[in-house]
Structures are given as structure tokens and as C-alpha cells.
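# I'd like to go over a predicted model; first the sequence, then the structure.
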Amino acid sequence: MADKKKRGLMLIDNHNRKINYLRLAVTDRCNLRCNYCMPSEGINFAQKDSLFTIEELCKLSEIMVGQGIDKIRITGGEPFVRKDLMILLRKLADLKGLKDISITTNATLIGPHIKELKSLGIKNINVSLDAIDKETFERITRRNQYETVYNNLVKLIAEGFNVRINFIALENQNTQDILPILEVMKHYPVSVRFLEEMPFNGGSKSFNTITWDYKRILSHIQSEYADITKLESPKTSTSINYKIKGHKGTFGLIPSFTRTFCGSCNRLRISATGDVITCLYGKPRMNLREVMRGENAKEKIKDQILKAIGSRSKTGFEEQEKYVGIFENSMTSIGG
Ligand code: SAM
Ligand code: SF4
């Protein structure tokens with residue numbers, strides 16, 4: 001009986017995978033213009049009334065936690081460009097059944113909120129930092145925010161957050177910083193995660209293959225550090241993790257282009273405009289915004305979520321086969 005009850009609170013997809021992780025984008029806007037994510041101008045941001053309101057995001061989260069989601073990652077665009085973000089985070093901190101609230105941020109605007117985030121019990125913050133050299137960072141992000149980002153990163157670490165740095169290996173742009181960022185970060189208890197670049201950049205550039213895949217990143221790191229140990233990682237982890245002897249933290253490799261981790265995927269994405277995305281490499285399955293604004297919203301949303309997870313592709317490659325034009329998307333609407 002107890003087991004049945006427990007199962008009732010679980011979302012299981014059509015490949016028998018437990019879906020307990022929601023990546024919730026709260027906006028598609030951003031104060032940076034990272035060149036791997038979006039073009040420098042001419043971006044079609046969503047109209048304000050097509051974004052979920054903060055109350056709708058609270059309600060959606062509550063419904064989905066009721067269905068068995070126990071981890072929510074807040075992403076975007078840049079989550080902190082939403083002035084009312086803290087209202088949502090306070091609500092999430094109050095939700096029974098939600099074990100993990102995480103945030104992915106560019107760390108430009110997080111400074112004034114660090115104390116409150118800590119008091120809400122939020123622990124996991126991913127910071128995007130694609131270079132340790134100021135000029136390289138500002139060339140990639142097309143804005144002059146290096147000091148702010150770096151200072152906030154150090155503050156987050158000092159306050160005891162579990163900080164992970166996301167560094168995308170970009171050919172001819174920042175790979176010369178792979179070893180230096182590890183050298184700087186060796187004094188800090190952080191995980192530096194190197195990601196493969198994906199072709200979701202709002203049409204800034206297109207490519208069918210990458211030269212800096214996770215194997216090349218690893219052998220580059222091994223060329224400098226002889227004593228590297230592979231760490232055990234959870235089955236649903238997207239990163240392969242390592243420890244360098246003498247470093248306080250760890251590093252990880254995320255094969256986001258090579259996609260070796262799809263088989264154990266436990267995640268669902270919802271965009272800031274309400275699109276339900278069951279795989280990064282596909283089109284949205286449905287949109288929840290009007291459902292949320294209509295009659296009987298709670299029951300209808302629950303049904304739609306069940307429908308979406310009942311028809312997932314096994315892998316990103318399988319999903320990609322079904323669609324053309326998915327690489328015109330930008331990560332700023334998907335949330336990474
Ligand atoms: N603005 C926040 C940030 O940058 O951390 C959150 C949103 S951002 C879209 C989420 C993640 O997607 C970031 O870690 C970013 O590096 C990653 N991302 C964006 N475009 C990407 C691309 N073309 N390939 C791989 N990762 C990408
Ligand atoms: Fe903004 Fe994040 Fe995209 Fe950079 S990666 S442009 S910080 S949303």
C-alpha cells in the first residue's frame with residue numbers, strides 16, 4: 001500500500017524512467033549576449049503577457065511538485081533580470097516535497113540576493129564563466145561584467161554555496177583558458193564543468209560537428225595534470241567527474257553535443273512562455289500558458305504533463321530525427 005502510494009507521486013516516462021527534475025525558465029531575456037547563446041541584436045524576445053507571471057510560476061511549480069517533481073532548477077535567459085524572482089524562490093523554499101532548488105545564472109545580478117538565498121536554504125548555484133581572462137570573457141559575453149561576475153562567484157563560494165562553474169569549450173575563443181581556470185579554481189571547493197558547445201544559438205552560427213569534444217578536453221587536461229582520478233557520479237548525472245590531486249574542488253565534462261547521457265534522462269523543461277520540452281533536441285510538445293489561464297487549470301496541467309512524459313524519445317538523436325529546424329532555437333528560450 002505504502003509502495004503504491006509512493007508510486008502515485010511519481011512521473012514515469014514511456015521508457016520507464018523516473019522524471020523528478022524540472023528545469024524551469026523564468027524569462028527569455030538576458031543582460032549578457034553570449035555569442036554561443038544568442039545573436040548580438042535582432043532577438044525576438046517574448047511579449048511580456050506571453051510570459052508566465054510569477055504567481056503562475058508558483059502555481060505551476062506547486063502542481064508539479066504534487067506530481068512528483070523533487071528538484072527544480074531555475075534558469076532562463078538570466079533568472080535575476082526578473083525583478084520578482086525572489087517571490088518565486090520564497091514559494092519554492094516553502095514547498096513540501098521539493099528537496100532541491102538550484103539556480104543557473106550568469107552571476108551579474110545575484111549579489112544583493114546572496115544572503116536571502118542562503119537563508120532560504122538554496123544550496124546549488126551554477127555560474128556560467130566561459131573564461132578566466134577578462135578580455136576573453138567580455139568578448140564572448142559582449143558586455144563588460146567580468147569583475148562583477150568574478151566577485152559574486154567568490155562571494156557565493158565564501159558563503160558556502162555548492163557552486164559549479166559552467167565553461168563551454170568554444171573553438172578559437174576560450175580553450176586557452178581551460179588549464180588556467182583549473183589553476184585559479186584549485187584553491188576553491190568548486191566543480192568546474194566543461195561543456196561541449198551545442199548548435200542552439202539563435203542562428204548566430206551553424207555547425208554539424210565540434211572539435212573540442214569531451215575526450216579532447218580530457219586529454220588536454222591530462223597533458224597538464226598527471227594525477228587525475230575519476231569519481232563516482234549519480235546515474236542521472238550529465239557530467240563525468242574527476243579530481244585532480246591537490247585541488248580543493250573537482251572538474252567535470254558534459255558531453256552536451258556528443259550526448260552520452262540521454263539514456264538515463266530524468267528531466268523535463270518548461271520555457272518562460274509555457275512550452276513543455278521533453279528533450280533539448282526536439283520541438284515543444286505543448287504550451288501550458290492558456291491552460292494555466294483557463295478553467296480547471298490544475299487538473300488540465302496535470303493531464304498535459306502526463307501526456308508529455310508519456311511520449312518521450314529515448315535519446316536526443318531519436319528526437320532530432322523527427323524535426324527540422326530545431327537548431328534555430330536559442331538556449332535563452334530553452335534554459336540550457
Ligand atoms: N543566463 C544563465 C546562464 O548563463 O547561466 C542561465 C541560462 S543559460 C541559457 C543556461 C546554460 O546554457 C548556461 O550554462 C549556458 O552556458 C548554456 N548554453 C547556452 N548556449 C549554449 C550552447 N550553444 N551550447 C552549450 N551550452 C549552452
Ligand atoms: Fe544570457 Fe545565459 Fe545566454 Fe549568456 S548563456 S546570453 S548569460 S542566457
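Yep, that arrived. Ligands and ions are numbered 1, 2, ... in the order given.
# what sits against Thr278?
Shown in contact with Thr278 (Cβ atoms under 8 Å, 6 or more residues apart in numbering): Asp13, Leu268, Arg269, Arg285, Ala308, Ile309, Ser311, Arg312, Ser313, Glu319. (Glycine included, C-beta is placed from N, CA and C.)
# Secondary structure of the fifth one: a strand, I assume?
So the one you mean is Ala308. No - Ala308 is assigned helix when assessed by DSSP: H, G, I helix; E, B strand; the rest coil, not a strand.
# What is the burial count for it?
Using other Cβ atoms under 10 Å, Ala308 is surrounded by 21 other residues.
# what's the answer for the fourth one, then?
For Arg285, the count of nearby residues is 18 (other Cβ under 10 Å).
# roughly how far apart are it and ligand 1?
Distance, Arg285 to ligand 1, using Cβ to the nearest ligand atom, to the nearest Å: 20 Å.
# Please name the residues that touch that residue.
Residues in contact with Arg285 (Cβ under 8 Å, 6+ apart) are Val276, Ile277, Thr278, Lys307, Ala308, Ser311.
# Nearest residue to Lys99 in space, please, no chain neighbours.
In space, and not counting its chain neighbours, Lys99 is closest to Asp70: 4.6 Å by Cβ to Cβ, 6 or more residues apart in numbering.
# For the one you found, give me the backbone phi and psi.
Torsion angles at Asp70 (phi, psi; degrees, to the nearest 10) stand at phi -120, psi 0.
# my guess is Val65 meets Leu95, correct?
Yes - with contact defined as Cβ atoms under 8 Å, Val65 counts as touching Leu95 (5.0 Å).
# ok, the two, which is more surrounded?
Neighbour totals were compared for Val65 and Leu95, and Val65 leads with 21 against 18 (other Cβ under 10 Å).
# Which strand or helix spans whichever residue of the stretch 201-336 of the chain sits closest to ligand 2?
Residue nearest to ligand 2 within the stretch 201-336 of the chain: Thr332 (4.4 Å; Cβ to the nearest ligand atom). Using DSSP states H and E, Thr332 sits in helix 331-334.
# just to revisit the earlier point, in TSV, list the contacts of Arg285 along with pLDDT and distance to Asp100.
As requested, the contacts of Arg285 are arranged in TSV below (pLDDT from 0 to 100; distance: Cβ to Cβ, whole Å):
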residue	pLDDT	distance to Asp100
Val276	97	21
Ile277	95	20
Thr278	94	20
Lys307	96	25
Ala308	96	21
Ser311	91	26
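# State whether Gly121 and Ala93 are indeed in contact, as I suppose.
Yes - counting by Cβ under 8 Å, Ala93 is a contact partner of Gly121 at 5.9 Å.
# Give me the common contacts of those two.
Residues within reach of Gly121 and of Ala93 at once, by Cβ under 8 Å, 6+ apart, are Ile101.
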